[in-house]
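1. using only what follows, build the 3D model:
(2 chains)
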Amino acid sequence: MSSLVTKVRSKQIEMLLEKGKRLDDRGLLDTREIKIEQGVIEKAEGSARVYLGKTQVLVGVKVGLGEPFPDTPNEGVLTVNAELVPVASPNFEPGPPDENSIELARVVDRGIRESKCIDNEKLCIAPGKKVFVVFVDIYVLNHDGNLIDASALAAMAALMNTKMPNYEVKDGELKMKQGYTPLPVKSHPITVTTGKISGHLIVDPWIEEEQVMDSRITFATKEDGSICAIQKGGSGYFTPQQILEASKIALDKAVELRKKLDW
Amino acid sequence: MNEKPDKLIDKKGIRTDGRKADELRSVKLQVGVLSHADGSAYIEHGKNKILAAAFGPREVHPKHLMQADRMVLKVRYHMAPFSVQERKSPAPSRREVELSKVIKESLEPALFLELYPRTGVDVFIEVLQADGGTRCAAITAAALAIADAGVPMRDLVVGCAAGKIDDTVVLDLYDAEDKLGAADLPVAYMPSLNAITLLQMDGSLEPAEFEKAVGMAIEGCKKIYEMQKEALKTKYMVVKEVEE
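-> Predicted structure coming up:
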């Protein structure tokens, strides 16, 4: 974190930002190149691999059967988990999820859940008894920064690619049938993270920038331009003006990404 | 569980607990409530009852977490099993792990971490009763506990949420409003520095509503900030009188 190298690099990044430049030649508000591959894991009901620059995230979706939560008896269940596997970074260690992977999973979960992009009632088989459970597992394969945006993108791409098994209920018994139906995905939240380095706001921070940035703020937004989830992270702060600026950046960026991805 | 009322806010702008849209719940603060902690504070924010204790600066445990160039702040946010309607398992949930992290990051900007290398400050937060907005109330209490421990700070940190119920932006949601409302936006703020150190949101807000909610939460923080300072003075004024 705070090695001498990082401090030198920090100065270099700040000096570049003063001139409106970044280490990797991007503009302050430019996103890295995005590449999405869907259906890369045949055994999963849905999957997607997303490249955000050199960051690589694979999301697999498994659909199972389970009980609904008592307070939402006629809705399916969504669970999001994230694994920062050791192949992705020398700083990741095997073991149970730490605070970073739990935060990542919960921020992605919030974006999906609060945007109500999955038609949850269509996942209900028998109210109060049986529903489909959608397991979204985020697998970070290469950590080159901004895992939140890459994971949110991969999770959405995987859900859009997810199929649920067909079934019928005969005499109160559940029978699986041949074939699949696509998961009912109604909308597409877009997540944009902005980092702050010595007063400058930058979109899609990569690893070198993450190591020196004060704080980050993530906005998940919907097609109608409303905000459905926010998360501030990092040990620094934002002024109220910077927060509003970041929200505007995130909304503009989302429009641009929607056009690019055709979401 | 109670049934959802038709409206969370009526035509006169009165909420289900009798408050107006921009009205805070009653807040009571007490500093130095525990004798073995280096610093401590207790908050009653509406029906939330939360205890915070701070230890340090002291040696970092386990040792490998020690940083050669700065202090390490550790925060544990924990809910008592009896603090909510359904018993909560005392094992840390994913929610508690995330909240511990964001609360830590909301307090760090207030500390001079680089001035205390190789040391640690530990903050333990126990939610004894929860009624919506616990992370904000916890931050308000935790900042007082750190100050009470005598750790120099740039400013106190105050937590207060805003949100949206039905179609109205309101201040300081309680449990029912949080669960049934349209959006919840917890904020932590350092008033003297005009710095937002925690911001989260779930639900749905138009950009204009978001701007209004942030402003409202900041106003709420400023009110609680005055009470925080008062609570600190109350403790240390008493000490002064005894000495004389």
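
2. distance of the most centrally placed residue in chain A from residue A:192?
-> Nearest to the mean C-alpha position of chain A, counting by C-alpha atoms, centre = their mean, stands residue A:152 at 1.5 Å. Look at residue A:152 and residue A:192: by C-beta to C-beta, to the nearest Å, they are 9 Å apart. C-beta here means a position set from N, CA and C on the backbone, and glycine is covered the same way.

3. correct me, but residue A:77 touches residue A:71?
-> No. Applying C-beta atoms under 8 Å as the test, residue A:77 and residue A:71 come out as separate, 11.8 Å apart.

4. okay, the two: which has more neighbours?
-> The residue with more neighbours, out of residue A:77 and residue A:71, is residue A:77; 17 against 8, by other C-beta atoms under 10 Å in any protein chain shown.

5. my read is residue A:209 is in a helix, agree?
-> Yes. Assignment of residue A:209 by DSSP: H, G, I helix; E, B strand; the rest coil places it within a helix.

6. I'd guessed it sits against residue A:28; true?
-> No. The criterion here is C-beta under 8 Å, and residue A:209 misses it with residue A:28 at 10.6 Å.

7. okay, and the common contacts of these two?
-> Residues touching both residue A:209 and residue A:28 (C-beta atoms under 8 Å, 6 or more residues apart in numbering or on different chains) are A:22, A:202.

8. tell me which of these two has more neighbours.
-> When neighbours are counted by other C-beta under 10 Å, residue A:209 comes out ahead of the other of residue A:209 and residue A:28, with 23 against 16.

9. now do the contacts for the more buried one.
-> A:13, A:22-23, A:145, A:195, A:197, A:202.

10. between the residues you listed, which is nearest chain B?
-> residue A:195 (13.8 Å; C-beta to the nearest C-beta).

11. residues contacting residue 236?
-> The chain I'm using is chain A. A:196, A:213-215, B:109.

12. most neighbours, which of those?
-> Neighbour max across these (other C-beta under 10 Å) = residue B:109, 25 neighbours.

13. relative to residue B:25, how far out is it?
-> In terms of C-beta to C-beta, residue B:109 sits 26 Å off from residue B:25.

14. again with residue A:211
-> In terms of C-beta to C-beta, residue A:211 sits 41 Å off from residue B:25.

15. more neighbours: these two, which one.
-> Per other C-beta under 10 Å, whichever of residue A:211 and residue B:25 has more neighbours is residue B:25, with 20 against 17.

16. what about residue A:155, how many neighbours?
-> 28.

17. what packs against the helix or strand containing it?
-> Assessed by DSSP states H and E, residue A:155 sits inside helix A:147-160. On a contact count with 3 or more C-beta pairs under 8 Å, 6 or more residues apart in numbering or on different chains; DSSP states H and E, helix A:147-160 meets strand A:34-38, strand A:46-52, strand A:55-66, strand A:77-84, helix A:99-114, strand A:130-142, strand A:190-197, strand A:215-221.

18. by how many degrees do the shortest one and strand A:46-52 diverge?
-> Between the direction of strand A:34-38 and that of strand A:46-52, the angle (axes from the mean of the first three to the mean of the last three C-alpha atoms, to 10 degrees) works out to 160 degrees.

19. chain B contacts on the stretch 101-250 of chain A?
-> Residues of the stretch 101-250 of chain A found near chain B (C-beta under 8 Å from any C-beta of the partner chain) are A:102-103, A:105-106, A:110, A:113-114, A:215, A:217, A:222, A:225-240, A:243-244, A:247-248.

20. selecting buried members of the residues you listed in PyMOL, what would you type?
-> PyMOL command restricting those to the buried ones, with burial defined by 16 or more other C-beta atoms under 10 Å in any protein chain shown:
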select buried, chain A and resi 102+103+105+106+110+113+114+215+217+222+226+227+228+229+230+231+232+233+234+235+236+237+238+240+243+244+247
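
21. returning to what we had before: what sits closest to the residue nearest to the centre of chain A if chain neighbours are left out?
-> residue A:191 (3.7 Å; C-beta to C-beta, 6 or more residues apart in numbering or on different chains).

22. quick one: buried residues of the lowest-mean-pLDDT helix or strand in chain B?
-> Using mean pLDDT, DSSP states H and E, the weakest-scoring helix or strand in chain B turns out to be helix B:207-243, at a mean of 91. For helix B:207-243, a neighbour-count test (16+ other C-beta under 10 Å) marks B:207, B:209-211, B:213-214, B:216-218, B:220-221, B:224-225, B:227-228, B:231-232, B:235 as buried.
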